[in-house]
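*Asks:* could you look at this predicted model? Sequence included:
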Amino acid sequence: MFISEAFAQTAPAAAAAADANPISALIGNMWLPVVVIVGMYFLVMRPQMRRQKELRAMLEALVKGDEVVTSGGLMGKIVSLSDDSIGLQIANGVEVQMQRGAVVQVLPKGTIK
């Protein structure tokens with residue numbers, strides 16, 4: 001009774017423009033996903049690849065006598081090396097064998113007394 005009826009109308013020019021060029025409508029809808037993918041590449045994937053490259057170079061450059069920190073938190077001096085493992089002296093007379101990939105940081109010489 002007190003509510004008047006509302007009728008929706010489309011503008012004839014807008015409907016005709018959408019029907020006339022569907023390629024521009026497709027391009028208009030596709031630019032946002034492309035921008036998101038490119039942004040994710042530069043913000044996430046590229047820095048991660050750079051970190052992996054630096055870690056790989058650090059692991060290849062390990063030599064006897066380096067003082068390192070492992071992913072488990074052990075600090076020690078490298079006493080033996082092989083292709084995929086290291087011997088880590090964590091105390092006088094205590095040596096453990098670990099995988100090379102467990103090394104997360106090389107410390108400056110003389111850090112461990």
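*Replies:* Yep, it's here. Numbers count the residues shown, from 1 in each chain.
*Asks:* CA atoms for contacts and neighbours, from now on please.
*Replies:* OK.
*Asks:* three-state assignment of the residue nearest in space to the middle of the chain?
*Replies:* Centroid-nearest residue in the chain, with CA atoms, centre = their mean: Gln48, separated by 3.3 Å. When classified by DSSP: H, G, I helix; E, B strand; the rest coil, Gln48 comes out as helix.
*Asks:* quick check: it vs Val79, distance?
*Replies:* According to CA to CA, to the nearest Å, Gln48 and Val79 sit 31 Å apart.
*Asks:* for Gly110, same thing?
*Replies:* Relative to Val79, and taking CA to CA, Gly110 is found at 15 Å.
*Asks:* and those two? Which one has more around it.
*Replies:* Val79 (17 against 8; other CA atoms under 10 Å).
*Asks:* for that one, what are phi and psi?
*Replies:* phi -110, psi -20 (degrees, to the nearest 10).
*Asks:* test my guess that it contacts Gln89.
*Replies:* Yes - proximity of Val79 to Gln89 meets the contact threshold set by CA atoms under 8 Å, at 6.4 Å.
*Asks:* what touches both of these two?
*Replies:* Residues touching both Val79 and Gln89 by CA atoms under 8 Å, 6 or more residues apart in numbering: none at all.
*Asks:* that's a helix at Met98, yeah?
*Replies:* No - counting by three-state DSSP, Met98 is not found in a helix; it is strand.
*Asks:* count the residues that sit near it.
*Replies:* Quick note: Met98 (other CA under 10 Å) scores 15 neighbours.
*Asks:* what's opposite it in the beta bridge?
*Replies:* Ile86 (DSSP bridges).
*Asks:* if I look at it, how far off is Lys64?
*Replies:* Here Met98 is placed at a distance of 14 Å from Lys64 (CA to CA).
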